[in-house]
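Visitor: I'll drop the sequence and a predicted model, then ask my questions.
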Amino acid sequence: MNIQAVIFDVDGTLVDSVDLHARAWQEAFAEFGKEVGFTDVRAQIGKGGDQLLPVFLSPGEIDEFGKALEEWRGEHFKSRYLPEVRAFPKTRELFQRVLADGRNVALASSAKEAELKIYEEIAQIGDLVRAETSANDAKKSKPHPDIFQAALGRLGEMDPAQVIVVGDTPWDAIAAAKAGMRAVGVRCGGFAEEDLRAAGCIAIFADPADLLARHDEFPLAG
């Protein structure tokens, strides 16, 4: 089937931020008296706070200080770690290639809207994005399909089967499948290839530069 659009995840897919997010979450939990291992929290990155907090906190703890913890983490990440975020090589060139092939490009991120805009600046892709959705546009974050469904809606009338999702986590692939889309995985977020395949990715690449270099193998090439 002809592919009309590509929806990209952002954290760990286009920008190198997964470890930074994991540190911010780990330090936020510690601030509220919860010791959580870095590896454990890193494995949950890609989810929004609504899906991540229940992995480590009881319902009572979430009611008591979940919102305050998430807000503390957000401010801590912005001040301490956001300045360290860098784009993966060839991200802008990949977007240009997708657009040159006549396909639309959208972003679907669990980040807040303001944070997403900063990522676009870091990756130099703001002028290339045709639609975008952030945490503000989804009732539930990945692995629920809300964020991809919202992105699809902003792309206009389009069959989900004609859209490819590119993401770095199993949560991206699971959410894409629930939204009726196929997912391509990238390993630059640090998740194992076998986990990405088990979640449903139809192809795996190293990073945006690899996607660009091996474009003829990319499902978009047909």
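Guide: Nice, thanks for sending it over.

Visitor: let me see the ranges of the helices in this protein.
Guide: 18-31, 38-42, 49-56, 59-61, 67-76, 91-100, 113-123, 146-155, 170-178, 193-199, 208-213 (DSSP state H).

Visitor: quick one: which of those is nearest Thr133?
Guide: Proximity to Thr133 (CB to CB) singles out helix 146-155 among the helices of the chain, at 4.3 Å. In this view, the C-beta of every residue, glycine as well, is placed from N, C-alpha and C.

Visitor: so for the closest one, what's the average pLDDT?
Guide: For helix 146-155, mean pLDDT rounds to 94.

Visitor: orientation of it relative to helix 170-178 in degrees?
Guide: 60 degrees (axes from the mean of the first three to the mean of the last three CA atoms, to 10 degrees).

Visitor: which elements pack onto helix 146-155?
Guide: strand 5-8, strand 104-108, strand 131-133, strand 163-167, helix 170-178 (3 or more CB pairs under 8 Å, 6 or more residues apart in numbering; DSSP states H and E).

Visitor: now for the first one, which elements pack on it?
Guide: Contacts defined by 3+ CB pairs under 8 Å, 6+ apart place strand 5-8 against strand 104-108, helix 146-155, strand 163-167.

Visitor: how does the protein divide into domains?
Guide: 5-16+85-221, 18-84 (automatic domain parsing).

Visitor: and those, which is most packed in?
Guide: Mean neighbours per residue, mean count of other CB atoms under 10 Å, is largest over the domains of the chain for domain 5-16+85-221, with a mean of 20.

Visitor: ok, for Phe65, nearest residue in space, not its chain neighbours?
Guide: Phe32 (5.4 Å; CB to CB, 6 or more residues apart in numbering).

Visitor: now do the contacts for that neighbour.
Guide: Phe32 sits next to Phe65, Ala68, Leu69, Trp72 when contact means CB atoms under 8 Å, 6 or more residues apart in numbering.

Visitor: before we move on, the earlier item: in CSV: the helices and strands packed on helix 146-155, plus distance to Ala203.
Guide: Below are these laid out as CSV (distance: least, CB to CB, whole Å):
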stretch, distance to Ala203
strand 5-8, 13
strand 104-108, 18
strand 131-133, 23
strand 163-167, 9
helix 170-178, 11
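
Visitor: no further questions, thank you.
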